[in-house]
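[1] sequence isn't available, so here's the structure alone:
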């Protein structure tokens, strides 16, 4: 599976580079959409790990390693953000001085929407996500090896403050990367939508993996599949509710 994924990834990378040379604007627009989607998978897994440490329960014991592995993709996603840095002028109108000078809305937002501050905020987001993922994964491994109950307390405490930091950073990342793409449009619900969507993607990914394990004949996996699909249904309702709220407020 890894070999096949590597081949597909290499072909995709070559075609993407070709597209970047032919039509840079279209390439960066497509890259941003794809990037936000795949980043959401890793962030969703990280969020679910913290939810598990805060709530406990048997549902998270069997899938914790899957979630930690999903969160382990975040360092790679941080590196894959770099192409977007080179495409900011193709993506965001507020990076063009002449546009800012001619637009009354943008001229009022220049203190926030400027490239140095944008990149500084992005660094803060990734540092927060990577730090949370690193310590939760390290302490989880140590707890498995040593059985030290103090590590469970440490993970719970980190998750308590971490879930708040996670929500704030994801909200502002959505404002920066997505909402500022259409700068006249404003939505206070976008941050929550981005937050819930990531959790939804994390649960969906876990459900697929657990389903594969269940098909291979694992009774514990079949039991966990019931838990993960229940979570998937719940997040689906929450996600739909946010769509409805967005429509109602529009």
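    In hand now; what should we look at? None of these values were measured; they are calculated from a predicted model.
[2] any idea how far residue 136 lies from residue 155?
    Noted for residue 136: a distance of 6 Å to residue 155, by C-beta to C-beta, to the nearest Å. Yep, even glycine has a C-beta here, placed from its N, CA and C like the rest.
[3] an error on my part: the question was meant for residue 77.
    According to C-beta to C-beta, residue 77 and residue 155 sit 23 Å apart.
[4] what of residue 97?
    47 Å.
[5] neighbour count for these two, which is higher?
    Neighbour count, other C-beta atoms under 10 Å: between residue 97 and residue 155, residue 155 has more, with 24 against 9.
[6] check which helix or strand the more buried one maps to.
    Here residue 155, judged by DSSP states H and E, is contained in helix 149-177.
[7] check residue 246 too.
    Short version, using DSSP H and E: residue 246 is in helix 219-249.
[8] what packs against that helix?
    helix 58-61, helix 190-215 (3 or more C-beta pairs under 8 Å, 6 or more residues apart in numbering; DSSP states H and E).
[9] and the helix or strand harbouring residue 65, what's buried?
    Element membership for residue 65 (DSSP H and E) is helix 64-71. Within helix 64-71, the residues that count as buried by 16 or more other C-beta atoms under 10 Å are 64, 66-68, 70-71.
[10] just give me the residue closest to the centre of this protein.
    Residue closest to the average C-alpha location in the chain (C-alpha atoms, centre = their mean): residue 40, at 2.7 Å.
[11] ok, now which ones touch it?
    By C-beta atoms under 8 Å, 6 or more residues apart in numbering, the contact set of residue 40 is 194, 197-198, 201-202.
[12] most neighbours among these, please name it.
    Among those, residue 202 has the most neighbours (other C-beta under 10 Å), with 28 neighbours.
[13] touching, that one and residue 50? I think so.
    No: at 11.0 Å, residue 202 and residue 50 do not qualify as touching, with contact defined as C-beta atoms under 8 Å.
[14] separation between the residue lying farthest from the centre of the chain and residue 24?
    Relative to the C-alpha centroid of the chain, counting by C-alpha atoms, centre = their mean, residue 102 is the outermost residue, at 34.4 Å. With distances taken as C-beta to C-beta, residue 102 is found 23 Å from residue 24.
[15] now residue 129
    As judged by C-beta to C-beta, residue 129 and residue 24 stand 28 Å apart.
[16] and if you look at residue 119?
    Residue 119 is 19 Å from residue 24, by C-beta to C-beta.
[17] ditto for residue 186
    From residue 186 across to residue 24, the span is 28 Å (C-beta to C-beta).
[18] more neighbours, these two?
    Taking neighbours as other C-beta under 10 Å, residue 186 and residue 24 compare with residue 24 leading, 14 against 10.
[19] grab the nearest non-local neighbour of the more buried one.
    Distance criterion C-beta to C-beta, 6 or more residues apart in numbering; nearest residue to residue 24, sequence neighbours excluded, is residue 90 at 5.5 Å.
[20] check the gap between that neighbour and residue 35 for me.
    In terms of C-beta to C-beta, residue 90 sits 14 Å off from residue 35.
[21] list of residues touching stretch 48-57?
    The contact list for stretch 48-57 (C-beta under 8 Å, 6+ apart) reads 59-60, 64, 67-68, 71, 132-133, 136, 152, 155-156, 158-160, 162-163, 166, 199, 202-203, 206.
[22] now do 7 Å
    60, 64, 67-68, 71, 136, 155-156, 159-160, 162-163, 166, 199, 202-203 (C-beta atoms under 7 Å, 6 or more residues apart in numbering).
[23] which one of the residues you listed sits closest to residue 125?
    residue 166 (9.9 Å; C-beta to C-beta).
[24] residues near the residue nearest to that closest one when sequence neighbours are not counted, how many?
    Distances taken as C-beta to C-beta, 6+ apart place residue 47 nearest to residue 166, at 5.8 Å, with adjacent residues excluded. As a burial measure, residue 47 scores 28 neighbours (other C-beta under 10 Å).
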